[in-house]
Every structure is written in structure tokens, then in C-alpha cells.
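Asks: Provided below are the primary sequence and the corresponding predicted coordinates.
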Amino acid sequence: MNFILIAVIVLGAIALIAAIVLFAASKKFAVYEDPRIAQVGELLPGANCGGCGFPGCSGMADALVKGADAGSLDGLMCPVGGAETMGKVADLLGMAIANSEPMVAVVRCNGTCEHRAKIAEYSGLRTCAAMHACGAGETACGFGCLGCGDCVAACQFGAISLNPETGIPEVDEEKCTSCGACVKACPRNIIELRKKGPKGRRVFVSCVNKDKGPVAMKACAVSCIGCGKCEKECNFGAITVENNLAYIDHLKCRLCRKCVTVCPKHAIVDVNFPTPAPAPKPKEPKKEEEAKA
Amino acid sequence: MKIKTFSLGGIHPAENKLTHEVATKVAALPKQAIFPLGQHIGAPAKPVVQKGDKVKVGTMIAEAGGFVSAPIFSSVSGTVFKIDTAIDATGYRKPVIIINVEGDEWEESIDRSDKLELVAAHPELTPEEIVKRVQNAGVVGMGGACFPTFIKLTPPPTAKAECVIINAVECEPYITADYRLMMEHADEILVGLELLMIGAKVTKGYIGIETNKPAAIELLTKKCDEKFNIAGSKFSVEVVPLKQRYPQGGEKQLVDAVINRQVPAPPAIPVNVGAIVQNVGTAFAVYEAVMKNKPLFERYTTVTGKKLQNPGNFLVRMGTPMKDLIDACGGMPEGDNKLLAGGPMMGKALTSVEVPICKGTNSVTIISDDEARRKDAQPCIRCAKCVGVCPMGLEPYLLAKLSEVKNWERAESEDITSCIECGSCQYTCPAYRPLLDNIRLGKSTVMGIIRARAAKK
């Protein structure tokens, strides 16, 4: 009986001392975590894709709360959740949020099997990175898509798939969250995040070949040859030709599609427009104004 | 006596030295010569000629673009056609100088006689003078890596050179250019070695040759005994026969095999253990540069392949398109073939026959489709053969996997940067796994991370 009593007293005493120590420690070394961080974290998608530039959603939540305390959420954007999520976060934090344009990943290569002849066969490790490291690939174009699908593997949302007929990846606009994982995965920097555009309408140069015209022309039927016709045609200064390659600034482009029609190589692509681009020399210049509107 | 070799790993692929006994021919002048500006490790050279300029054989057309760089000399006489881009051995379009060939007029400063110049007749050759002449002649390592030779001859102050090792191993299958060079120009090579020893301020030299070249071993041993290993000679040179094993021609493996010293992991280089390794072709180039005032614009190259009609060895002007050499050997064989700049183990696959011969092109190898094609990769069966053959003592299966899953930290701690990309692991893998493909990707990524880290500091 006595033993039991002693044991209970001793253990009880230890428990009491330990409880006091723990209580004191928890008060003394308490780390205050803003409860809003957890709340913001709840609102974020939880994909931990890193598309925002922070290590996962909790890192982003932390940055958002800090940003709110500093008085601005500028530059913080969850590409996956988009404006909807950011709006909820802003409400929670009592901040106004600049409505960021929705973006989408764009594959800037149209060098399909049909347009770009194979000149060699690669039998090594079938990843784009490996193929890129050991040469120009299976075609004469040293800039275009290698078609091994590193971008497909990088996409966490199943938004990119290789089209078996063309050998070129295609982006599912509905699923694309513009997290930028594919942009990083592509060893040739073919994929770019561009403004989604009204009703998904976009105009872009579907080529990244910086070779001189004759060389690019030989390598691929739809390569940009840097002729500069589009640059001259553009009324908005959206197109620049550098290193034999045209680039359309998606922030300046007004979607008039004049460049699409003048491109002799059909390297400029328009997507999601209900009608084909106007004929090369439209007689009524008003058409362009309509498209703009 | 046990024949020496390196201590770890190694393989012995079929030798296929088809052109061993084919005497070197002088390749015909090309119609147009192409000179890539990046023919060496380091900064690309900067052009010093313009379109329309007349050049002679031996005229400098591009100067060194930095400290680790080398000038480039015209190998032909004619007119600069344009400065443009062309596909080089990397497979990509790079800046090049293209010269239209007209006649064959040499710079007068070049001594074109066959007379053997001896060091004894040139008292002006101080170590500094030799290094300067080697640098000015654009001499780089001729074994394939193309590291500027003058830098190797001036080691960092923390290291002290004790000996020069001439790399005459030629362990790569098919290639015989170095062997032919030794058989045809042994005297010049030995003078070149002497110059290298003076330049590096050492008195001990070694020549490492694999035992599949008995004639070269015999010849060089005899010549060395007559020239160096006599009473009153300042230098002593030993010809070291080495057991045939790939990759014995790797610097670190050769140092291990010849003087039994192990070069530590990068950034250590052979001179940290006292050795300066130079290819036999480099020794010859040094001789020509210093004694004949002839810059580096020609080299010995093997053009080989089982299906090629007349494979051979050529003394070829740099800038000659490979197509010219292949045509001189009977033309490209029928069917699909794999074209390599270099041998089958370390060579670089090319997609164009217009690629020019450069300072480092020791061979043009053509392999038929059925031999070249890889078999489908099977799952790793954990047999550890790759670990057994790795000459650097690495674990290739692990490094490949780490690269695949992008675990760069672990890859770095497992010394992925020590990999010399010899391909022994992939050669030996019974499951045909693309080990080196993965490791190479991982290595370049990890090296990028290390550089970024160093830049931050």
C-alpha cells in the first residue's frame, strides 16, 4: 500500500514540476504566429507549385500577410487561384487588390513534323534537356521544340499534352493556371506566359528561331525569318525584330491581326478568333478598327 | 614485371584500330575553309580580319578573347568570304570565319623545311620564351579537350610541377592519329617533349603508351635512350608501357597509371600532384610552334569506320569540312550512319557532314546504324557493374537516379562533378540504362549551382 502511495506522490510531484517548467517555457519562448497566415493559407489552392515565386502556399500566405501589414499586395499573385482567390485574400486582409490580367502558357513553335523535316535520329535519353545538351536535335532548327515533353512532365495540372500528330505540346487553356513550371522546364525557352486576352484571343509569333533568314527558312517551313514586314505593319509599336526574330509585346498588341496577314511564312498565329484574319490587303481599313474594339 | 595501369575501374572495348598501319596522307586543300571561333575551352576568339581581307597560310584571323583562350590562324590562303555562323561540333550554329581558298601561299616566317631543329642549337629558348611562343601560336591540348597549353605550363603558385607526362595512350577505339604521328615524327615529338620540360622547368618526363602499340613503344624507347637517358643529359625520360584499358587517356587516370598518384576531386588538377599531362599531338604542335614558327593550323586526324571503303589517317588543314575527308575515304557508306567527331566512346554525334575539322578533332568516326542504335532501357537490376567500372570511384546508378529526381544537393555530396563523362558505366550496363545522359545533365546543373553560389560570395 505504502509503495503505491509513494509512487503516486513521487510521480505526481514530478508531473507538477514538469508542468510548471513547461508552462513557464511556453510563456517565455512563445512565438507569435499571425492567425491570418493560417486563414490565408486556407484560401490558397494548396498545390504548392511555387508559381508565385514562394516556397509553397504557406510561404505565399506569409508573404501576403506581411505585404498587407506593409500596406500593399503589389507583386503578389497566385497564378493558380487567379483573381478570384486573390480577391478573397484581399477581403480577408482588408486590402484592395489590383486586378491582375489572367495569363496563359503559350508554346511558340509551330515546327510540326509536316513543317520541319527530320535530318537525324536521336536515340539517347528521351528528355528535352538531354537532347538539347547534346546538339540541335532531330531537325535542322537549333531553337525549336524537341518534342520530348519536359513541359508535360513539369505541369502539375495536366494542362499540357503532346499532340501525337504534330509532335508539339498543346496547352489546355481551361486547365492552365499560368504557374510557369513549363516555362522553366523548357530548355529552349519556347514557352512563354502571355496575356490570355479577351475571350482568349491572342496573337503571337510562333517561332523562336534566331538564325538568319535563309538558314531558318531551310530548317522549317513556318519559321520567322526576321524580314520585318510585321514590324512595319504594326500601328501600335508592339512588334520588334531582334536577332532575326520578331516578337510581339502582348501588353501593347491590340489584336488587329494585320501582322498575321502580312507574315510571308505564316509564323504569326492568332488563336480563338471567330473569323480568319482579314485578307492580305484589306480594302476597307475600318475592319482593323472593329477588331480593335 | 606487372604492366602498369590505373587503379580503379575501366573497361576494354573492342579496339577496331582499322587504320593502324595506314600511312598518313596529306589531305587535299578544301575549296572553302570554316574556322569556328570557339575551338578551345574558355572565351571564344575575336576576329581580327574582315570580309574581303586577303590571308595567307598561318595568318592570324582571330585573337585570344581572354586569358583562358587561344588565337586562331588561317590554314589556307585566300580571301575572307564572310564572318557568319555555321554548325560546329556542338551541333549548334556558332560564329565562324569562312575563307575562300585561292592557291597555297604561306607566311614567310614559317620554316617549311623538314630539317630537325634541336634545342641545343637555340640558346635563346628560356622557359618564358617557350611559353610565350606556345601561347602566340594558339597551341591547345590536341587530345580533344582543347585546353590552352600555355596555361598548363604555368601552374598556379600553390602547385609545383615535377614531371611532364606525354599522353600517347590513345585508348579510344578506332583512333590511330596519335600512333601514326609517333611512328612518323618521333624525333619531333621528343624535341617537343624537351621544350615542354624546359617550359615547365622540370627534368623528368614520361611517355605513357598502351601495349597495343608495341612498335611505338620500341621506337620511342630507343630514341629516348639515345637522346635523353645518356650521361651528361639534363633530362631523363621513361617510356611507360600501359595495359590496355579505357579511359587510360583521361588525365587523372594517366597520372595514376604512370606515377601512381591520385588527383583529388575538382577543382584539383594534375599539377596539384606534380604532373603536367600533354597529348603527344600537343608535343608535336609545340615543336612546330617553337622551332618552326608554325602556328597551329594542321593536325593529324583519323577518318574511320567499318563500312568506309578506305579508312585512313590524314594530315589535314583545320577548317576542312568533314565531307571532304569522308569523300577522300570513298564517300559516306550507304544507308543510315552515325557520324562522330572523335571516337565511339567520347565522340560527339553530329548531324551535318559540313562540320569543319577543328583543333580538337582527332577523329571522324562513322558507325553504321545497327551498331550505333541503342537498345531499350530496362529497369536497373542493381548488379553494380557501373560502380565496378567507374574510373573515378563514383556510383553511376545513384548519380543517374539523383539527376533524374533532381536531388541536386545529394548529387553534389556524391561528387557528381568528379565524373569525367567517359561513358564506361553506360557501356557496361546490362540493362542499357542511359546512365551517362542523366549524369551529364546533373553534372552541368550542379556545376551551375556551384558557380552561382561562388558568384554570390
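Replies: Okay, I see it.
Asks: which SS class is the residue of the stretch 101-250 of chain B found nearest chain A?
Replies: Chain A sits closest to B:Gly144 of the stretch 101-250 of chain B, with a gap of 15.7 Å, by Cβ to the nearest Cβ. Glycine gets a C-beta too; all of them are placed from N, C-alpha and C. Put simply, B:Gly144 is coil when judged by DSSP: H, G, I helix; E, B strand; the rest coil.
Asks: repeat for B:Ala257
Replies: Strictly by three-state DSSP, B:Ala257 counts as helix.
Asks: quickly note the distance from it to chain A.
Replies: 29 Å (Cβ to the nearest Cβ, to the nearest Å).
Asks: ok, that residue - how many residues close by?
Replies: Per other Cβ atoms under 10 Å in any protein chain shown, the neighbour tally for B:Ala257 reads 26.
Asks: go on, A:Ala47?
Replies: Neighbouring residues of A:Ala47 were enumerated by other Cβ under 10 Å; the total is 16.
Asks: so it touches A:Gly158, yeah?
Replies: No - between A:Ala47 and A:Gly158 there is no contact under Cβ atoms under 8 Å: 12.0 Å.
Asks: give the contact list for residue 110.
Replies: Since you didn't name a chain, this refers to chain A. Taking Cβ atoms under 8 Å, 6 or more residues apart in numbering or on different chains as the contact definition, A:Asn110 lies against A:Ile168, A:Ser206, A:Cys207, A:Val222, A:Ala267, A:Val269.
Asks: oops, chain B please
Replies: B:Val57, B:Gly58, B:Lys292, B:Asn293, B:Lys294, B:Pro295.
Asks: now render the residues you listed as TSV, adding pLDDT.
Replies: Rendered in TSV, the data for the contacts of B:Ile110 read as follows (pLDDT from 0 to 100):
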residue	pLDDT
B:Val57	94
B:Gly58	93
B:Lys292	93
B:Asn293	93
B:Lys294	94
B:Pro295	95
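Asks: list buried residues within those.
Replies: Buried members of those, scored by 16 or more other Cβ atoms under 10 Å in any protein chain shown, are B:Val57, B:Gly58, B:Lys292, B:Asn293, B:Lys294, B:Pro295.
Asks: ok, and of the residues you listed, which contact chain A?
Replies: Taking Cβ under 8 Å from any Cβ of the partner chain as the test, chain A is in contact with none of the buried ones among the contacts of B:Ile110.
Asks: which residues touch B:Glu194?
Replies: B:Val119, B:Phe228, B:Phe235.
Asks: distance of the last one from B:Leu196?
Replies: Here the distance between B:Phe235 and B:Leu196 works out to 11 Å (Cβ to Cβ, to the nearest Å).
Asks: pull the number of nearby residues for whatever residue of the stretch 51-200 of chain B ends up closest to chain A.
Replies: Across the stretch 51-200 of chain B, no residue is closer to chain A than B:Gly91, which sits at 2.8 Å (Cβ to the nearest Cβ). By other Cβ under 10 Å, the residues close to B:Gly91 number 22.
Asks: what's the distance between it and A:His132?
Replies: 10 Å.
Asks: what touches both of those two?
Replies: Where contact means Cβ under 8 Å, 6+ apart, no residue is in contact with each of B:Gly91 and A:His132.
Asks: is it true that B:Ala411 touches B:Val446?
Replies: Yes - at 5.5 Å, B:Ala411 counts as touching B:Val446 under the criterion of Cβ under 8 Å.
Asks: inside strands: which ones of the contacts of A:Asn110?
Replies: Filtering those for membership in strands, criterion DSSP state E, returns A:Val269.
Asks: tell me the mean pLDDT for the helix or strand containing B:Cys386?
Replies: Using DSSP states H and E, B:Cys386 sits in helix B:385-389. Helix B:385-389 shows a mean pLDDT of 95.
Asks: pick out the residue closest to the middle of chain B.
Replies: Closest residue to the average C-alpha location of chain B: B:Gly143 at 1.4 Å, with Cα atoms, centre = their mean.
Asks: which non-adjacent residue is nearest it?
Replies: B:Asn279 (3.8 Å; Cβ to Cβ, 6 or more residues apart in numbering or on different chains).
Asks: which stretches of the chain form helices?
Replies: This is for chain A. A:2-28, A:35-43, A:56-70, A:82-93, A:128-133, A:150-154, A:181-185, A:213-219, A:229-233, A:258-262, A:286-292 (DSSP state H).
Asks: meant chain B, my bad for not saying
Replies: Secondary structure of chain B (DSSP H): helices at B:127-136, B:149-153, B:177-184, B:186-199, B:214-227, B:251-259, B:280-291, B:322-328, B:369-372, B:385-389, B:396-404, B:408-413, B:424-428, B:435-456.
Asks: need the least confident one among those, by mean pLDDT.
Replies: Note on the helices of chain B: lowest mean pLDDT is at helix B:369-372, with a mean of 88.
Asks: in it, what's buried?
Replies: B:Ala372.
Asks: likewise stretch B:37-45?
Replies: In terms of neighbour count (16+ other Cβ under 10 Å), stretch B:37-45 has its buried residues at B:Leu37, B:Gly38, B:Gln39, B:His40, B:Ile41, B:Gly42, B:Pro44, B:Ala45.
Asks: from the residues you listed, which is closest to chain A?
Replies: Using Cβ to the nearest Cβ, these come closest to chain A at B:Gly38, 14.9 Å.
Asks: next, count neighbours for residue 90.
Replies: Looking at chain A here, since you left the chain open. Neighbourhood size, A:Ala90 [other Cβ under 10 Å]: 18.
Asks: that was the other one, I meant chain B.
Replies: Going by other Cβ under 10 Å, the residues that sit close to B:Thr90 add up to 18.
Asks: so what's it closest to, chain neighbours aside?
Replies: In this structure, B:Thr90 finds its nearest non-sequential neighbour in A:Gly135, 7.1 Å apart by Cβ to Cβ, 6+ apart.
Asks: for residue 71, report the pLDDT, please.
Replies: In the absence of a named chain, chain A is used. For A:Gly71, the model assigns a pLDDT of 76.
Asks: not quite, go with chain B.
Replies: At B:Pro71, pLDDT is 94.
Asks: who's in contact with it?
Replies: Taking Cβ under 8 Å, 6+ apart as the test, what B:Pro71 contacts is B:Ala45, B:Met60, B:Ala62, B:Glu63, B:Ala64, B:Asn136, B:Gly138, B:Pro295.
Asks: what sits against the residue of the stretch 151-293 of chain A found nearest chain B?
Replies: Closest to chain B within the stretch 151-293 of chain A is A:Asp211: 6.1 Å, counting by Cβ to the nearest Cβ. Contacts for A:Asp211 (Cβ under 8 Å, 6+ apart) come out as A:Cys141, A:Gly142, A:Phe143, A:Ala219, A:Ser223, A:Asn244, B:Thr85, B:Arg93.
Asks: residues contacting the residue nearest to B:Gly143?
Replies: B:Gly141, B:Met142, B:Gly143, B:Ile166, B:Asn167, B:Ala168, B:Asp178.
Asks: beta partners for it?
Replies: Beta bridges link B:Asn279 to B:Asn167, judged by DSSP bridges.
Asks: can you pull the poorly scored residue ranges out of the stretch 51-200 of chain A?
Replies: Where the stretch 51-200 of chain A drops to pLDDT under 70, the residues are A:97-100.
Asks: so which residues on it come close to chain B?
Replies: So far as Cβ under 8 Å from any Cβ goes, the stretch 51-200 of chain A lies against chain B at A:119-121, A:123-125, A:127, A:129-130, A:133-136, A:140, A:142.
Asks: and the residue of chain A closest to chain B?
Replies: Ranking the residues of chain A by distance to chain B (Cβ to the nearest Cβ) places A:Gly135 first, at 2.8 Å.
Asks: state the distance from that residue to A:Ala216.
Replies: Distance from A:Gly135 to A:Ala216, by Cβ to Cβ: 18 Å.
Asks: between B:Phe235 and B:Leu196, which one's more packed in?
Replies: With neighbours defined as other Cβ under 10 Å, B:Phe235 and B:Leu196 compare such that B:Leu196 has more, 27 against 19.
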